[in-house]
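Asks: Sequence and computational prediction follow.
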Amino acid sequence: MAELSVLIVNYNTWGECSTAIASLREHGPTRPDGTPMPFECIVVDNLSPNRSPEAIAAVERELQLLAEQQGDPQAGRLILHTENGGYSKGMNLALSLSRGKWILVSNPDLLFTEGLIPALQRQCENDPGTGIAVPKGYWDADFMGRLPPNTLPTLGDVAITTLAAFSRVVSRWYARHLLRQWLRVWTADRPLHLPMMSGCLFLVERGYFESIGRFDERFPLYYEDADLSVKIRKSGRTITQVPEARLVHFVNRSGMSDPETMWKRHDVSRQLYYDKWYGVFGRWALGLQRWLLNNKVTRRWKKTPPHGPMHDLGASSERPTIALPRRCEKFLLLMSLDSRFYLSGGMFGSGDRWTPSDAMWRNFGYTTFFYAAYDLDGPAPELLGMWRFACQSHLGVALAQGGGT
């Protein structure tokens with residue numbers, strides 16, 4: 001019988017989901033003595049608009065192979081849900097059908113790498129204070145692009161980002177504050193307690209997960225991980241990043257397929273989160289923020305980013321090259337969709353230039369990217385410059401002029 005259950009909620013990511021299950025079959029869980037641990041994988045499809053027979057068959061085939069590998073007909077299951085009640089509801093459905101003592105919550109758009117699950121398992125088994133164990137996240141299979149650590153939403157976060165919208169000085173200070181936090185996470189070589197986890201993948205013991213209430217199904221999309229993080233911290237346990245556990249996450253492939261629905265559900269979840277944890281103060285803070293940012297009178301005082309010189313690399317279907325003003329023994333390049341750099345991935349390097357590897361370039365989407373380079377040779381990161389690049393390629397495929405394929 002399965003001792004660990006891998007739970008996946010799918011929405012328009014059939015190809016990615018098939019690849020994820022294939023990597024799971026290759027890199028499964030182990031017992032403390034190193035022998036394979038019996039496990040299962042349950043996929044819930046949240047009424048994807050694309051339910052072609054070919055897409056469904058590909059996922060079912062991978063699940064069948066997993067079940068055969070495990071010698072357990074129930075070890076691979078696909079549930080075609082009759083509604084899209086949101087990520088939380090889909091995940092709780094998968095949980096209700098699972099059998100394992102250990103629960104591995106997973107997105108479909110990722111790769112399970114060698115040693116990933118066992119490293120998370122050993123952390124939870126050896127430290128009873130660990131509420132959930134999370135991996136280090138990377139954007140590419142070469143482990144070059146670090147994913148941005150999540151910032152726990154608080155009233156202070158609302159206040160500082162609102163003030164930063166009207167002050168370049170505050171905006172630059174906040175970006176540097178986030179940079180220091182990210183560096184701490186990206187360079188950690190020991191288990192590190194985090195204020196917030198990412199819901200893309202984490203390991204938790206079933207009894208503990210159920211004791212804190214599972215996922216709150218009122219959250220349609222996003223903020224369910226922030227909500228769970230608060231519950232874990234209030235329970236007295238930790239969110240622990242395990243440095244040996246490396247995850248490749250291709251980030252928001254479901255959201256790319258339906259951005260309008262994604263942002264509507266994001267806004268609903270954000271309001272619910274602040275209502276739930278801050279009550280009237282949360283509602284007041286978000287209401288004041290919306291009024292200040294959108295009011296005709298105050299809008300004229302907003303300081304539009306970027307807050308500093310920005311080198312324009314233009315628009316191209318070819319990979320960009322960032323030429324630094326000088327050679328560095330070690331530099332950090334932030335990459336973001338936000339010219340304020342409040343949410344950024346990071347790449348470390350040396351020399352006087354950077355360009356994405358083949359594996360990284362295949363993950364670039366049709367959008368505008370912003371870069372900020374820092375020299376790490378001194379006692380504090382030194383900003384070297386900022387760049388803008390309009391990508392005319394999507395997931396490795398060059399787009400025709402005007403965005404068509």
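Replies: Thanks, I have the structure now.

Asks: surely Glu40 meets Gln70?
Replies: Yes: between Glu40 and Gln70 there is a contact under C-beta atoms under 8 Å: 7.1 Å. Every C-beta, even on glycine, is put in place using the N, C-alpha and C of the backbone.

Asks: which residues do those two both contact?
Replies: 2, 76 (C-beta atoms under 8 Å, 6 or more residues apart in numbering).

Asks: Which of those two has more residues huddled nearby?
Replies: Higher neighbour count among Glu40 and Gln70: Glu40, with 24 against 19, using other C-beta atoms under 10 Å.

Asks: Name whatever forms a beta bridge with that one.
Replies: Bridge pairing for Glu40 (DSSP bridges) gives the partners Ser5.

Asks: Same check on the one 5 residues further on?
Replies: Residues in a beta bridge with Asp45, per DSSP bridges, are Asn10, Leu80.

Asks: my read: it touches Ala55, true?
Replies: No: assessed by C-beta under 8 Å, Asp45 is found out of contact with Ala55, at 9.5 Å.

Asks: and Ser211, how many residues sit next to it?
Replies: Neighbour count of Ser211, defined by other C-beta under 10 Å: 11.

Asks: how about it, what does it touch?
Replies: Contacts of Ser211 (C-beta under 8 Å, 6+ apart): Ser235.

Asks: What distance do you get for it to Ile232?
Replies: 11 Å (C-beta to C-beta, to the nearest Å).

Asks: ok, now Leu104?
Replies: Distance, Leu104 to Ile232, by C-beta to C-beta: 16 Å.

Asks: Comparing those two, which residue is more hemmed in?
Replies: Taking neighbours as other C-beta under 10 Å, Leu104 and Ile232 compare with Leu104 leading, 25 against 22.

Asks: would you say that one is within a helix?
Replies: No: counting by DSSP: H, G, I helix; E, B strand; the rest coil, Leu104 is not part of a helix but strand.

Asks: If we ignore the residues flanking it in sequence, what's nearest it?
Replies: Val6 (4.7 Å; C-beta to C-beta, 6 or more residues apart in numbering).

Asks: okay, now the domains of the chain?
Replies: The record's domain parsing of the chain by automatic domain parsing lists 4-151+186-252, 311-398.

Asks: Could I get those domains in TSV, plus columns for mean pLDDT and distance to Trp173?
Replies: Converted to TSV, the domains of the chain look like this (pLDDT from 0 to 100; distance: least, C-beta to C-beta, whole Å):
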stretch	mean pLDDT	distance to Trp173
domain 4-151+186-252	96	15
domain 311-398	96	11
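
Asks: Just say which of these is most tucked in.
Replies: Ranked by mean neighbour count, the domains of the chain are led by domain 4-151+186-252 with a mean of 19 (mean count of other C-beta atoms under 10 Å).

Asks: Centre of the chain to that one, how far?
Replies: Distance of domain 4-151+186-252 from its chain centroid, counting by C-alpha atoms, centre = their mean, to the nearest Å, is 12 Å.

Asks: So Leu192 is in contact with Ala245, correct?
Replies: No: here Leu192 does not reach Ala245: they are 11.8 Å apart, not a contact under C-beta under 8 Å.

Asks: At which residues are the strands of the stretch 201-350 of the chain located?
Replies: 201-205, 238-249, 311-316, 322-336, 344-354 (DSSP state E, counting those that start in this stretch).

Asks: Distance to Asn363 for those - can I get that in JSON lines?
Replies: Converted to JSON lines, the strands of the stretch 201-350 of the chain look like this (distance: least, C-beta to C-beta, whole Å):
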{"stretch": "strand 201-205", "distance to Asn363": "17"}
{"stretch": "strand 238-249", "distance to Asn363": "10"}
{"stretch": "strand 311-316", "distance to Asn363": "16"}
{"stretch": "strand 322-336", "distance to Asn363": "11"}
{"stretch": "strand 344-354", "distance to Asn363": "10"}
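
Asks: Which one of those strands lies nearest to Ala373?
Replies: Nearest to Ala373 among those is strand 322-336 (5.1 Å), distances taken as C-beta to C-beta.

Asks: Pull up the pairing partners for the closest one, direction included.
Replies: strand 344-354 (antiparallel), strand 368-375 (antiparallel).

Asks: For Asn295, grab the count of nearby residues.
Replies: Neighbours of Asn295 (other C-beta under 10 Å): 11.

Asks: OK, contacts around it?
Replies: Asn295 neighbours (C-beta under 8 Å, 6+ apart): none.

Asks: And it, how far from Val280?
Replies: 21 Å.

Asks: can you check Ile132 too?
Replies: Ile132 is 30 Å from Val280, by C-beta to C-beta.

Asks: Next, the contact list for Trp361, please.
Replies: 319, 393, 396 are the contacts of Trp361 under C-beta under 8 Å, 6+ apart.

Asks: same thing with Ala141?
Replies: Contacts for Ala141 (C-beta under 8 Å, 6+ apart) come out as 111, 248, 359.

Asks: got the residues you listed as JSON lines, with distance to Arg300 columns?
Replies: Converted to JSON lines, the contacts of Ala141 look like this (distance: C-beta to C-beta, whole Å):
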{"residue": "Leu111", "distance to Arg300": "47"}
{"residue": "Val248", "distance to Arg300": "44"}
{"residue": "Ala359", "distance to Arg300": "45"}
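
Asks: List just the nearest of these to Ala75.
Replies: Leu111 (20.0 Å).

Asks: so what's that closest one up against?
Replies: 19-20, 23, 141, 247-248.

Asks: what does Arg362 give?
Replies: Arg362 makes contacts with 140, 395-396, as judged by C-beta under 8 Å, 6+ apart.

Asks: likewise Cys200?
Replies: 106-107, 110, 137, 247, 249.

Asks: Now for the residues you listed: which two are most distant?
Replies: Spatially, the most separated pair among these is Ser106 and Gly137, at 12.4 Å (C-beta to C-beta).

Asks: Taking the chain centroid, which residue in this protein is the extreme one?
Replies: Here the centre of the chain is the reference, and by C-alpha atoms, centre = their mean the most remote residue is Val297, at 36.2 Å.

Asks: per-residue confidence at that one?
Replies: Per-residue confidence (pLDDT) for Val297: 92.
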